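K.L.:
this one's sequence-less:
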């Protein structure tokens, strides 16, 4: 059974940084494309950034481009989301997601991901 466990959320001030972690257990880590999503209060869950299995396909939404960086450490079966220069509008619950996929595939829709972490709250105050 595949399980994703996130950590690293918290409350920070605008301009601060946080790094989220997501560790995968069960299954072969190399078989998964990995992505980060977020859900702000009263809004739908949205794709933030993701990487294909190959690492050659990376996608990031414009609002965080240049501030958020996703990385993958296969030996630890962990993906990270480094978030810099956080803004109030980044406040949300952040989820990592995993899905079996082709080597260079990257999907960005909530419905197509099977495995989800429990979510970690990120709160940014002005």
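P.N.:
All right, it came through fine. This is a predicted model, so every value here is computed, not measured.
K.L.:
Within the helices and strands, which one has the residue nearest to the spatial centre of the chain?
P.N.:
Centroid-nearest residue in the chain, with C-alpha atoms, centre = their mean: residue 36, separated by 2.0 Å. Using DSSP states H and E, residue 36 maps to strand 32-39.
K.L.:
Can you spell out which helices and strands pack onto that strand?
P.N.:
strand 18-25, strand 46-51, strand 68-73, strand 78-83, strand 92-100 (3 or more C-beta pairs under 8 Å, 6 or more residues apart in numbering; DSSP states H and E). Where C-beta positions appear, they are placed from N, C-alpha and C, glycine not excepted.
K.L.:
mean confidence score for it?
P.N.:
Throughout strand 32-39, pLDDT has a mean value of 97.
K.L.:
Just the buried residues of stretch 39-57, please?
P.N.:
Within stretch 39-57, the residues scored as buried using 16 or more other C-beta atoms under 10 Å are 45, 47, 48, 49, 50, 51, 52, 53.
K.L.:
how close does the second one get to residue 28?
P.N.:
According to C-beta to C-beta, to the nearest Å, residue 47 and residue 28 sit 24 Å apart.
K.L.:
coming back round to it: can you lay out the helices and strands packed on strand 32-39 as JSON lines showing mean pLDDT and distance to residue 124?
P.N.:
Putting these into JSON lines (pLDDT from 0 to 100; distance: least, C-beta to C-beta, whole Å) gives the following:
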{"stretch": "strand 18-25", "mean pLDDT": "97", "distance to residue 124": "9"}
{"stretch": "strand 46-51", "mean pLDDT": "97", "distance to residue 124": "14"}
{"stretch": "strand 68-73", "mean pLDDT": "95", "distance to residue 124": "13"}
{"stretch": "strand 78-83", "mean pLDDT": "97", "distance to residue 124": "9"}
{"stretch": "strand 92-100", "mean pLDDT": "97", "distance to residue 124": "9"}
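K.L.:
Rebuild these as a markdown table, extending it with distance to residue 123.
P.N.:
Shown next, in a markdown table, are the helices and strands packed on strand 32-39 (distance: least, C-beta to C-beta, whole Å):
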| stretch | distance to residue 123 |
| --- | --- |
| strand 18-25 | 10 |
| strand 46-51 | 16 |
| strand 68-73 | 16 |
| strand 78-83 | 12 |
| strand 92-100 | 9 |
